[in-house]
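Engineer: missing the sequence, but the structure's below:
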């Protein structure tokens, strides 16, 4: 499972928990004493939280994609330079890692 999927699931749990807590507070009030202004404020707060979580998820995914692209580019450069490839593979082998093909 990739990082973005895990973060999305965790974000869903967090947002669901917050929504559940807000609903519990709303229904626990006597005679619906929670005023419209309070509901509106809670809605705005939830929108801000959801937007922050979404923004962080997008940033994590973009960082992951950028790192993967950089690793692939470095691997490609090493694979196309025979002398460099030999030296890198020697270091990798000495450190019990798989050599670059």
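Structural biologist: Looks like it came in fine. As the structure is a computational prediction, the values presented were derived from the model and not from experiment.
Engineer: drop to CA atoms for contacts and neighbour counts, all remaining ones
Structural biologist: OK.
Engineer: wait, residue 11 touches residue 55, no?
Structural biologist: No - using CA atoms under 8 Å as the test, residue 11 is too far from residue 55 to be in contact (11.1 Å).
Engineer: which one's more surrounded, those two?
Structural biologist: Per other CA atoms under 10 Å, whichever of residue 11 and residue 55 has more neighbours is residue 11, with 17 against 12.
Engineer: for this structure, what's the longest helix?
Structural biologist: Ordering each helix of the chain by length in residues (DSSP state H) puts helix 36-79 first.
Engineer: helices or strands up against that one?
Structural biologist: Counting contacts by 3 or more CA pairs under 8 Å, 6 or more residues apart in numbering; DSSP states H and E, helix 36-79 packs against helix 3-28, helix 82-94.
Engineer: in CSV: those, plus distance to residue 72 and mean pLDDT.
Structural biologist: Output for those, formatted as CSV (distance: least, CA to CA, whole Å; pLDDT from 0 to 100):
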stretch, distance to residue 72, mean pLDDT
helix 3-28, 18, 70
helix 82-94, 14, 87
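Engineer: need those helices in CSV (columns: distance to residue 59).
Structural biologist: Below are these laid out as CSV (distance: least, CA to CA, whole Å):
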stretch, distance to residue 59
helix 3-28, 10
helix 82-94, 31
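Engineer: tell me the angle of the longest helix of the chain relative to helix 82-94?
Structural biologist: Calculated by axes from the mean of the first three to the mean of the last three CA atoms, to 10 degrees, helix 36-79 forms an angle of 110 degrees with helix 82-94.
Engineer: roughly how far out does helix 36-79 sit from the chain middle?
Structural biologist: Distance of helix 36-79 from the chain centroid (CA atoms, centre = their mean, to the nearest Å) equals 6 Å.
Engineer: before we move on, the earlier item: compare the helices and strands packed on helix 36-79 and give me the one nearest residue 73.
Structural biologist: Comparison of the helices and strands packed on helix 36-79 against residue 73 by CA to CA identifies helix 82-94 as nearest, at 13.6 Å.
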